[in-house]
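> sharing a sequence plus its predicted fold:
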Amino acid sequence: MTAALAGIAAVAVLGAVAAVSAREARIALTGLVIALVAAPFVADPLPDVRVLALRVVGAVLSAQLLWPAVRGGMATEGGSELGWRAEVALAIGAAVCGWAIATTLSAVPPGVDLPADVVPPGPFDQAVVRFAAPAAAGLAILALAATPVLVPKDPVRLGLGLLLLIDGVTLLQVGLGGAAEPLEQLAIVAALVAVAAGVAALARITPSGEEEQVR
Amino acid sequence: MTLAITAGVALAAGVAAAFLRVRAPRPATIVGFFGLLATAAAAAAISPDDILPFGSVRLEGSELVRAVAMVWAASGAGLVVIDALGRGSHAVAAPALLGIGATVLALGATDGEASFAFLAAGGVATVVLPAAAAGRSRAAVAWRALRTVVIAGFLGLGVIAWESSPAGPLGAGAFGGAVDPAGTAGIGLGLIAVVAAVALRTGAIPTHVWAARLVEAIPSAAVPAALAWGGAAFALVAASWAVAALGPEASGLGVERGFVAVIAGATLLLGSAAAFLHDDIEHVVGYSIVADAGIVLLAFVALDPAVQRPLGAWVLAYATVKTALAGWAAAVRGRFGLRRVPDLRGWARRSPLLAVGLLLIIVGAVGIPGSAAANARARLVTLAVDPPFEALLLAAAVAPIAVLGRLLVAGWRTSPSAGGGIDGVAADPGDRVWRAQPRLVAPALLVIALAGLGVAVSLGAIPVGGGGVPQPAAAAPG
């Protein structure tokens, strides 16, 4: 379970890397789907199957809503201005930080002094990985989302960034305190779909050739 | 179940109106109008005993949710008609419905994280739909507003997740330990972060630029849903969580609370000054909403459970009164086709009914001494700051007299060049033609009705109960 959890977390981060750095918007959208679909599975224990289904449907629907904007040419050619190598390095750095923070906090809760004879768990113990994997993935995805959210190249990239921002926050939340409650999962899906629909609606009215005005 | 039904009616009608708006604006407005009436009717049935479990989280009815949903839905119906009879943007009903639906779910959820996610979703609808209907020239403004609303919502969600988690600074209580100095710093950081989220969402100074641009980009009648209702609901959820979770540690957060007090005071005073100085009536509406958010921020300075009830009363009152003000601006714009105060000289002579509406709005905004809203504002100020700053902030309560009084004074002036105002006002046939042209006068009557509702809420005619949003999940660790 430990390796599987870390593996799914890595898949989510790789999807996010593709979403922010792919030159072609179609590949970026595919990366977004991977990141959004993988995210709810980065949890131990897994949420209820109905919640998982809801999140998967929400992820696919969000990407589907963005598709007309991509097909309509609202996304400019060229990926991240940092380049995919820099994005990968950024993601790895953030993931390591997230893993280390989660390891430290899960080993020694704040305000608690461990007795001297108690050995804190290692960073790859199962009890630690169930928090560290989602925390690492969440922090990595948040770091990747920062550029398209703050300095977007075009409306589609801003939409991708905002959806990744939501994805990253929810993963970080799982890393801090476990999977969200069903009502919150419903609210998260509502937010994902609302953001994607909003981006699609605004992409329709953004004048062609003036994509930079989203900055 | 009544709470879920209310939200379901609002969301279903909102989605239907949003889709219809693309090809059939008038039917969209009709669907939205009746959807708002149905939402108000459904909200009247919400009971404090109404509980719908979702795992360990619940949707709970309360007097506050009932009051908010009823009053805002009824106000929204009035705004829809004013817009339809005036500018005819037909972009008011869908965002109002979606915003109210999300607000009902957010104020009813016993989990602050779910509440913030609902409010982010609703906020996106309230800023995007009217901007998208406004056309290509408004796209840039809408993009920035969309980004701000999403960041605010998920910043709030992230703060709650971190603070309340076993690994967060409030998690120490769950392990039986005391909060150490680093934990106190973490709690203070959480307070700053959640206030930053509220400031972003409400457009408080210095994060007001997106709000100022948005109000000039969208129809006036759509401003309350985007700014007043969304910001108010966001602040209610955030304050309820902050009081429950951070309140017990408030004594150790002197520096952070002082910083928040500065932001709140600056928002109240500078927002009022900006509303007074701007000539554009839509800016006046926007900045007066921003100024009221300054009072809301005082709840985060006090961090006292005693703020819950006055905060609920104040939020409901200010959002409703400013809804009436937005209705007045929409009616003026629709009737005279003008938006600058100097150009509107003589408007009150042409339409005494609109002047009566604005007078009632001033009464609601300033508050009759002893009324629920005036008491709530005074209580929030008293709980948050000490003399002499208390007197300064209490004195700012009369700022609406200057801000809105200026509009009224301009209405009674005559233009030296045109003998009754410039063309848009001079060409108006006046209220006396109400039999011949009811479409011209009906918006003024609706403004009076909205203002009357605002005054009734200010007087405390609609109970808000305890005023807070249930937050048992946040309250446990502290």
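Perfect, thanks for sending it. Fair warning: this is a prediction, and the values are worked out from it, not measured in the lab. Numbers count the residues shown, from 1 in each chain, chains lettered A, B, ... in the order given.
> helix or strand for residue 140, which one?
Answering for chain A, as no chain was given. Using DSSP states H and E, the element containing A:Ala140 is helix A:126-150.
> hmm, I had chain B in mind actually
Using DSSP H and E, the element containing B:Ala140 is helix B:139-164.
> could you point out which element follows that helix?
Counting by DSSP H and E, what follows helix B:139-164 is helix B:181-202.
> per-residue pLDDT, the residue nearest to B:Phe154 when sequence neighbours are not counted?
Nearest non-adjacent residue to B:Phe154, counting by CB to CB, 6 or more residues apart in numbering or on different chains: A:Val169, 4.6 Å away. Placement of C-beta: from N, CA and C, glycine included. You'll see A:Val169 listed with a pLDDT of 93.
> pretty sure A:Val169 is touching B:Ile160, no?
No - A:Val169 is not in contact with B:Ile160 according to CB atoms under 8 Å; the separation is 10.6 Å.
> hmm, back to that, tilt between the helix holding B:Ala140 and helix B:181-202?
Using axes from the mean of the first three to the mean of the last three CA atoms, to 10 degrees, the inter-axis angle of helix B:139-164 relative to helix B:181-202 is 150 degrees.
> what's the offset of helix B:139-164 from the middle of its chain?
17 Å (CA atoms, centre = their mean, to the nearest Å).
> returning to that earlier point: now check the helix holding A:Ala140, is it near chain B?
Yes - Helix A:126-150 lies within reach of chain B by CB under 8 Å from any CB of the partner chain, at A:131, A:149.
> off-centre distance for that helix?
Centroid separation for helix A:126-150 versus its chain: 7 Å, with CA atoms, centre = their mean.
> moving C-terminal of that helix, what's the next helix or strand?
helix A:155-177.
> relative to helix A:126-150, how tilted is that next one?
Using the same axes, to 10 degrees, helix A:155-177 lies at 150 degrees relative to helix A:126-150.
> which other helices and strands contact helix A:155-177?
Identification of packing neighbours for helix A:155-177 by 3 or more CB pairs under 8 Å, 6 or more residues apart in numbering or on different chains; DSSP states H and E yields helix A:2-21, helix A:25-38, helix A:49-71, helix A:84-107, helix A:126-150, helix A:182-205, helix B:139-164.
> what does the shortest one contact?
Read it as helix A:25-38. The list of residues contacting helix A:25-38 from outside it, by CB atoms under 8 Å, 6 or more residues apart in numbering or on different chains, reads A:8-9, A:11-22, A:55-56, A:58-60, A:62-63, A:66-67, A:70, A:75, A:79, A:141, A:156-157, A:160, A:163-164, A:167, A:192.
> now list the buried members of the residues you listed.
A:8-9, A:11-22, A:55-56, A:58-59, A:62-63, A:66-67, A:70, A:75, A:79, A:141, A:156-157, A:160, A:163-164, A:167, A:192 (16 or more other CB atoms under 10 Å in any protein chain shown).
> ok so, going back, export the helices and strands packed on helix A:155-177 as JSON lines, with columns for distance to B:Thr184 and mean pLDDT.
Shown next, in JSON lines, are the helices and strands packed on helix A:155-177 (distance: least, CB to CB, whole Å; pLDDT from 0 to 100):
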{"stretch": "helix A:2-21", "distance to B:Thr184": "32", "mean pLDDT": "91"}
{"stretch": "helix A:25-38", "distance to B:Thr184": "36", "mean pLDDT": "92"}
{"stretch": "helix A:49-71", "distance to B:Thr184": "36", "mean pLDDT": "91"}
{"stretch": "helix A:84-107", "distance to B:Thr184": "17", "mean pLDDT": "87"}
{"stretch": "helix A:126-150", "distance to B:Thr184": "23", "mean pLDDT": "89"}
{"stretch": "helix A:182-205", "distance to B:Thr184": "28", "mean pLDDT": "91"}
{"stretch": "helix B:139-164", "distance to B:Thr184": "12", "mean pLDDT": "88"}
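> want to throw these into TSV with distance to B:Ile82?
Output for these, formatted as TSV (distance: least, CB to CB, whole Å):
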stretch	distance to B:Ile82
helix A:2-21	43
helix A:25-38	40
helix A:49-71	32
helix A:84-107	49
helix A:126-150	36
helix A:182-205	24
helix B:139-164	22
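> so for B:His278, which of these sits nearest?
Distance to B:His278, taken as CB to CB, is lowest for helix B:139-164 among the helices and strands packed on helix A:155-177, at 16.8 Å.
> tell me the contacts of the residue nearest the centre of chain B?
Residue closest to the mean C-alpha point of chain B, counted by CA atoms, centre = their mean, is B:Ala228 at 1.8 Å. By CB under 8 Å, 6+ apart, the contact set of B:Ala228 is B:289, B:292, B:318-319, B:322-323, B:326.
> next: B:Lys322.
Taking CB under 8 Å, 6+ apart, one finds B:224, B:228, B:285, B:288-289, B:292, B:365 in contact with B:Lys322.
> give me the subset of the residues you listed lying in helices.
B:285, B:288-289, B:292, B:365 (DSSP state H).
> ends of stretch A:31-47, what's the gap?
Chord length of stretch A:31-47, first to last residue, is 23 Å (CA to CA, to the nearest Å).
> and it, which residues are buried?
Neighbour-count burial for stretch A:31-47, counted by 16+ other CB under 10 Å, picks out A:31-44, A:47.
> just stretch B:46-63 next, same as before
Buried residues in stretch B:46-63, counted by 16+ other CB under 10 Å: B:46, B:50, B:52, B:54, B:57-63.
> the residues you listed: which ones sit near chain A?
B:54, B:57, B:59.
> just those: which are in strands?
If you go by DSSP state E, these have B:54, B:57, B:59 in strands.
> thought the last one was touching B:Leu107?
If I follow you right, that is B:Leu59. No - the pair B:Leu59 / B:Leu107 is not scored as a contact, 9.7 Å apart, by CB under 8 Å.
> next structured bit after the longest helix along chain B?
With DSSP H setting the assignment, residue counts place helix B:308-336 as the longest helix in chain B. Downstream of helix B:308-336, the next assigned helix or strand under DSSP H and E is helix B:347-350.
> C-alpha coordinates for that next one, CSV please?
Provided in CSV are the C-alpha atoms of helix B:347-350 (Å, rounded to 0.1, in the frame of the first residue of the first chain):
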residue,chain,number,x,y,z
TRP,B,347,-32.6,63.4,-11.1
ALA,B,348,-34.6,63.7,-7.9
ARG,B,349,-36.8,66.4,-9.3
ARG,B,350,-37.7,64.2,-12.2
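> so how far is chain A from B:Ser115?
8 Å (CB to the nearest CB, to the nearest Å).
> tell me the mean pLDDT over the helix or strand in which that residue is found?
Counting by DSSP H and E, the element that carries B:Ser115 is helix B:112-134. Average pLDDT, helix B:112-134: 90.
> return the alpha-carbon coordinates of it using CSV.
Extracted in CSV, the C-alpha atoms of helix B:112-134 (Å, rounded to 0.1, in the frame of the first residue of the first chain):
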residue,chain,number,x,y,z
GLY,B,112,-15.7,25.3,7.4
GLU,B,113,-13.7,23.6,4.6
ALA,B,114,-16.8,22.5,2.8
SER,B,115,-18.3,26.0,3.3
PHE,B,116,-15.3,27.7,1.7
ALA,B,117,-15.4,25.3,-1.3
PHE,B,118,-19.1,26.0,-1.8
LEU,B,119,-18.5,29.7,-1.6
ALA,B,120,-15.7,29.5,-4.1
ALA,B,121,-17.9,27.7,-6.5
GLY,B,122,-20.8,30.2,-6.0
GLY,B,123,-18.4,33.1,-6.1
VAL,B,124,-17.1,32.1,-9.5
ALA,B,125,-20.7,32.1,-10.9
THR,B,126,-21.4,35.5,-9.4
VAL,B,127,-18.4,37.2,-11.0
VAL,B,128,-18.2,35.4,-14.3
LEU,B,129,-21.8,35.3,-15.5
PRO,B,130,-22.5,39.0,-15.4
ALA,B,131,-19.0,39.8,-16.8
ALA,B,132,-19.4,37.3,-19.6
ALA,B,133,-22.8,38.9,-20.5
ALA,B,134,-21.2,42.4,-20.5
